[in-house]
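>>> Output the structure for:
(one chain, ligands or ions: 2)
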Amino acid sequence: MYNVKAYSAVSETSPLASTTIPRREPKEYDVQIEILFCGICHSDLHSARNEWSGTVYPIVPGHEIVGRVTAVGSGVTRHKPGDLAAVGCMVDSDGTCAHCKEGLEQYCPNVILTYNSPDKHLDGVTYGGYSDSIVVDERFVLRVPSTLDLAATAPLLCAGITTYSPLRHWGVTKGKKVGVVGIGGLGHMGVKFAHAFGAHVVAFTTSSDKKEDALRLGADEVVISRNTDEMEKHTGSFDFILDTVSANHDINAYLNLLNRDGNITLVGAPPQPLAVAAFALIPRRNSLSGSTIGGIPETQEMLDFCGEHNITCDVEVIPIQKVNEAYERLLKSDVKYRFSIDMASLKER
Ligand code: NAP
Ligand code: ZN
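Ligands and ions are numbered 1, 2, ... in the order given. Here you go, the predicted structure:
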């Protein structure tokens, strides 16, 4: 075991503060990574504040990790010291269930998340990326295309794959009309990917100041969702809508915009249940579904796709000392479009 610097919250009402946490020495199949950048996902905030319940304290959030390999176990073949490497929302799974065999580890009943899951190597729970260093089984360590900016690559590990995966699953391609609801960390990547896949993209936002940006990110049209007239113009017209909203909102207003057999997939995870009107689903045989991150093979595919097409996240790089301020701004939808923590700042305290 060795100790590393980190930021943790000790209760649902306390701010994140600097601390020290243990990491295991790399075992046979482990990769030790010096963390260079870690994105701030809204899930970090939901978890730190126990909004979904079940948070174990202290919690060290962070699951959008990019760094450099510092050591590997004797059995590791895919990574070597000095390589760039990335870790997303998962650090382990049983590897034997039907989901794992299909490369869909995110649906494994025994998946171990990067933070706040039982740690089978050390006592307590796993600790995430708001820290100096992390040790992860090589099966859950991704390769990073060398051409991409690292601060802007980190959020691909959650915001990127969480939007890429359902867009692929639901067959978003040229000729499809696709909506993305909420232009935050996930939503801005949803717009970029749907555009890259050739769809006609409509961005839905509550923030009128994001209109120009949404067009620049790849939207063909932008709808201010608080404007009922603007919404109604799109009634019955969408093949697919990706909903990334982090708080309670009227899902029926979007179900009404679907064409026959259209689907809305929720990736946003508001703590409170959404009210669904039967008559928003029935008349056009619509469906409402969910999706969580993506499996390891698809995450690598997404990173390689981003390398080929030069796609990264729009980030505001901050020192770790500003993390609490960043959480408050996230709640006000005031980030364009993802905070990425420069982990060198952790060495400064
Ligand atoms: P974020 O950056 O805060 O973006 C959320 C966006 O939702 C905001 O920018 C805002 O967009 C919109 N929004 C916020 N409050 C709203 C309200 N009251 N009414 C309508 N729109 C509102 O968050 P994120 O990191 O993208 O995460 C979004 C959600 O996805 C969170 O719940 C997070 O936990 C969840 N998530 C799920 C997965 C998964 O695997 N399924 C993975 C990662 C995150 P506008 O300003 O454009 O309106
Ligand atoms: Zn996330």
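
>>> Let me see the contact set for the residue nearest the centre of the chain.
Centroid-nearest residue in the chain, with C-alpha atoms, centre = their mean: C158, separated by 2.4 Å. When contacts are counted by C-beta atoms under 8 Å, 6 or more residues apart in numbering, C158 is found next to G39, C41, S43, H63, E64, G88, C89, I293. C-beta: built from backbone N, CA, C; applies to glycine.

>>> Swap in 10 Å and give it another go.
Contacts for C158 (C-beta atoms under 10 Å, 6 or more residues apart in numbering) come out as 39-44, 62-65, 88-89, 114, 185-186, 189, 293-294, 299, 338.

>>> Which members of these occur in helices, if any?
Taking DSSP state H, the ones among the contacts of C158 that sit in helices are H42, S43, D44, G185, L186, M189, T299.

>>> List, out of the residues you listed, those positioned next to ligand 2.
Restricting the ones in helices among the contacts of C158 to those touching ligand 2 (C-beta under 5 Å from the ion) yields S43.

>>> Count the neighbours of R139 for me.
Neighbours of R139 under the rule other C-beta atoms under 10 Å: 16.

>>> where does this protein come near ligand 2, residue by residue?
Residues of the chain found near ligand 2 (C-beta under 5 Å from the ion) are C41, S43, C158.

>>> Contacting ligand 1 as well, which ones from these?
Within the set of the residues of the chain next to ligand 2, contact with ligand 1 (C-beta under 6 Å from any ligand atom) is found for C41, S43, C158.

>>> Which of these sits closest to ligand 1?
Comparing those against ligand 1 with C-beta to the nearest ligand atom places S43 closest, at 3.7 Å.

>>> what about that closest one, neighbour count?
S43 has 24 neighbours, counted by other C-beta under 10 Å.

>>> Could you list the residues of this structure in contact with ligand 1?
So the chain meets ligand 1 at 41-43, 46, 158-159, 162, 182-187, 205-207, 210, 244-247, 249, 267-269, 291-293, 330, 333 (C-beta under 6 Å from any ligand atom).

>>> Now, those residues that are in helices?
Those of the residues of the chain next to ligand 1 lying in helices (DSSP H): H42, S43, H46, A159, T162, G185, L186, G187, L330.

>>> which one of those sits closest to ligand 2?
S43 (4.1 Å; C-beta to the ion).

>>> and that closest one, what does it touch?
51-52, 61, 63-64, 89, 113, 115, 158-159, 162, 185-186, 246, 269, 293.

>>> before we move on, back to that, CSV for the residues of the chain next to ligand 2, including pLDDT and distance to Q32?
Compiled in CSV, those are given as follows (pLDDT from 0 to 100; distance: C-beta to C-beta, whole Å):
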residue, pLDDT, distance to Q32
C41, 98, 23
S43, 98, 25
C158, 98, 21
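
>>> which among the residues you listed gets closest to D342?
C41 (16.5 Å; C-beta to C-beta).

>>> Would you confirm that the closest one contacts G185?
Yes. The pair C41 / G185 is scored as a contact, 6.3 Å apart, by C-beta atoms under 10 Å.

>>> overlap in contacts of these two?
E64, P155, C158, A159, T162, S246, L330, R338, F339.

>>> burial count for the residue in the chain that ligand 1 sits nearest to?
Nearest residue of the chain to ligand 1: G184, at 1.8 Å (C-beta to the nearest ligand atom). Burial measure for G184: 25 neighbouring residues, criterion other C-beta under 10 Å.

>>> Equivalent analysis for the one 4 residues further on, please.
The local packing count at H188 equals 29, with neighbours defined by other C-beta under 10 Å.

>>> same deal with L281?
L281 is flanked by 17 other residues according to other C-beta under 10 Å.

>>> before we move on, what about H169?
15.

>>> same deal with T77?
Per other C-beta under 10 Å, the neighbour tally for T77 reads 8.

>>> can you tell me how far D123 sits from P22?
The gap separating D123 from P22 is 9 Å, by C-beta to C-beta, to the nearest Å.

>>> which non-adjacent residue is nearest D261?
R285 (5.4 Å; C-beta to C-beta, 6 or more residues apart in numbering).

>>> again with L215
Nearest to L215 is V222, by C-beta to C-beta, 6+ apart, at 6.2 Å.

>>> same deal with H46?
Of all residues not flanking H46 in the chain, W52 sits nearest, at 5.4 Å (C-beta to C-beta, 6+ apart).

>>> where do the helices sit along the protein?
With DSSP H as the criterion, the chain has helices spanning 42-48, 98-101, 150-153, 159-169, 185-196, 211-217, 228-232, 252-255, 278-281, 296-309, 323-331.

>>> Can you tell me which of these is most buried?
Of all the helices of the chain, helix 185-196 carries the top mean neighbour count, a mean of 28, counting by mean count of other C-beta atoms under 10 Å.

>>> now that helix, how far from the centre of its chain.
With C-alpha atoms, centre = their mean, to the nearest Å as the basis, helix 185-196 stands 12 Å off its chain's centre.

>>> Fine by me, we can end here.
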